[in-house]
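Enquirer: Predicted structure and sequence below. I'll ask about it afterward.
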Amino acid sequence: MVRQRSWLKGKCLIGLVMLLVVFVLTGCAARSPSAQSGPVVLKLGTETALDTPETRGSKKLADLVKEKSNGTLVIEVYENARLGTMKERGEGMRMGSVDMGTSSVGFLASYVPLLGIFDLPYVYRDKAHELRVFDSEIGREVDKKLQAQGLRVICYFDAGVRHITNNRKPVRTPGDLKGLRIRVPQTEASSEGFKALGALPTPLAFGEVYMALKQNVVEGQENPLSLVLHNRFYEVQKYLSLTGHQAFIQVLTISEKRWQQLTPQHQLILLESAREAEKYQRQLEAAAEDEVLRELKVRGMQVNHVENVALFAELAAPLRSIYIKKLGDPARELFDRIDALRETDGK
């Protein structure tokens, strides 16, 4: 009888342990991303309008991710800084309250000062040179540096080449910039660059540019052609001067905290989709350049090509020494590595 009672107690104990294990496993499964009742949703904020290459590239990423994940991973795109300014999105991603967003390299220098070098005037030979830089090991190292700051690079969108617009007169030589009140992004490199060129830079958030121009708070601004068109700057600006002073990249990043919450499968799908979206977006940007320029002329802008860009580049050249003095050997090495990619195939 005693033996039978011990046997029954043992059976009951085993049963309770098994029930406990099932309960724990069920609870864990309910909390895991793969077992959620609905899709995982990521909110992505851009700086620009729906029809710009930046936002269209983000929409392409959303379409690819949804297709490849069979709807288990969804990206919602919020254009025109609807998720906040670049600064607000950046801080939100670092804290984990914003999932994804686009940022200029110059803005990201507020977290990693060395990145300001990428935003200096005339640091690249041309657009192809810039893309070689970010597609090289340099781009992967930028990702590692940003991960340490709470951001992870998903891809590098091409944001075109920046040119100057203003209401005073055509810019043909650096002397035409002397004393010009010009809006620049809220980055140290942009302000330093235009001070070196003789202008009076005024840092403003992108969403404030149109009204600042309309109210003559600033006389000019500088941006890629697609943004001049899609943000209707032609309504409040007369002259467009093709200075080509900065090849421009928008970095698409995800909150590192949010990234760590994704399953390995969703992480892989996101990166694979980003490679396709990046290629699509860059093709959009390249194809739009000539068409956008023609449209701006139709809209009434007076366009002039800058014949001697070297004069502008010479004024910007001392910025290299300033950055090397400020940031030391890492800056010197980065300039050298960028220069090493300046030419390819012996050209």
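Expert: Looks like it came in fine.

Enquirer: State whether L229 is indeed within a helix.
Expert: Yes. Under DSSP: H, G, I helix; E, B strand; the rest coil, L229 falls within a helix.

Enquirer: Could you check what's spatially nearest to it, not counting adjacent residues?
Expert: V292 (5.0 Å; C-beta to C-beta, 6 or more residues apart in numbering). (C-beta placed from N, C-alpha, C; glycine too.)

Enquirer: How about the contacts made by that neighbour?
Expert: When contacts are counted by C-beta atoms under 8 Å, 6 or more residues apart in numbering, V292 touches L225, S226, V228, L229.

Enquirer: any idea how far P53 lies from S321?
Expert: Here the criterion is C-beta to C-beta, to the nearest Å. By it, P53 lies 35 Å from S321.

Enquirer: Give me the secondary structure label for V303.
Expert: V303 - assigned by three-state DSSP - is strand.

Enquirer: where's the nearest residue to it once chain neighbours are set aside, which helix or strand?
Expert: Counting by C-beta to C-beta, 6+ apart, L240 is the residue found nearest to V303 once chain neighbours are left out, at 4.8 Å. L240 belongs to strand 239-255 when assigned by DSSP states H and E.

Enquirer: Okay, now the sheet partners of that strand, with direction.
Expert: Sheet pairing of strand 239-255 (DSSP bridges) gives strand 100-104 (antiparallel), strand 151-166 (antiparallel), strand 302-305 (parallel).

Enquirer: Any idea how far the shortest one is from the middle of the chain?
Expert: I take that to be strand 302-305. Distance of strand 302-305 from the chain centroid (C-alpha atoms, centre = their mean, to the nearest Å) equals 28 Å.

Enquirer: Strands of the chain, residue ranges please.
Expert: Here the chain has its strands, by DSSP state E, at 40-45, 73-78, 100-104, 151-166, 181-184, 200-203, 220-224, 239-255, 302-305.

Enquirer: Next, the buried residues of the first one.
Expert: Neighbour counts using 16 or more other C-beta atoms under 10 Å place V40, L42, K43, L44, G45 of strand 40-45 among the buried residues.

Enquirer: give the contact list for the last one.
Expert: By C-beta under 8 Å, 6+ apart, G45 lies in contact with V77, Y78, A81, R82, L83, G84, R89, V98, M100, G101, T102.

Enquirer: any chance of those residues in CSV, plus pLDDT, neighbour count and distance to D329?
Expert: Formatted as CSV, the contacts of G45 follow (pLDDT from 0 to 100; neighbours: other C-beta atoms under 10 Å; distance: C-beta to C-beta, whole Å):
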residue, pLDDT, neighbour count, distance to D329
V77, 98, 22, 40
Y78, 98, 18, 40
A81, 93, 18, 37
R82, 95, 10, 41
L83, 96, 23, 38
G84, 94, 18, 36
R89, 96, 28, 32
V98, 97, 23, 34
M100, 98, 28, 34
G101, 98, 28, 32
T102, 97, 24, 31
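
Enquirer: Next, format those as a markdown table and append distance to G207.
Expert: A markdown table is the format used below for the contacts of G45 (distance: C-beta to C-beta, whole Å):
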| residue | distance to G207 |
| --- | --- |
| V77 | 17 |
| Y78 | 13 |
| A81 | 5 |
| R82 | 10 |
| L83 | 12 |
| G84 | 10 |
| R89 | 12 |
| V98 | 16 |
| M100 | 19 |
| G101 | 14 |
| T102 | 14 |
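
Enquirer: so what's L64 closest to, chain neighbours aside?
Expert: Spatial nearest neighbour of L64, chain neighbours left out: S273 (3.8 Å); criterion: C-beta to C-beta, 6+ apart.

Enquirer: Pull up the gap between that neighbour and N70, please.
Expert: Counting by C-beta to C-beta - S273 and N70 are separated by 13 Å.

Enquirer: neighbour-wise, which of these two wins?
Expert: Neighbour count, other C-beta atoms under 10 Å: between S273 and N70, S273 has more, with 24 against 9.

Enquirer: hang on, that one packs against S58?
Expert: No. Contact criterion C-beta atoms under 8 Å: S273 and S58 do not qualify, at 11.2 Å.
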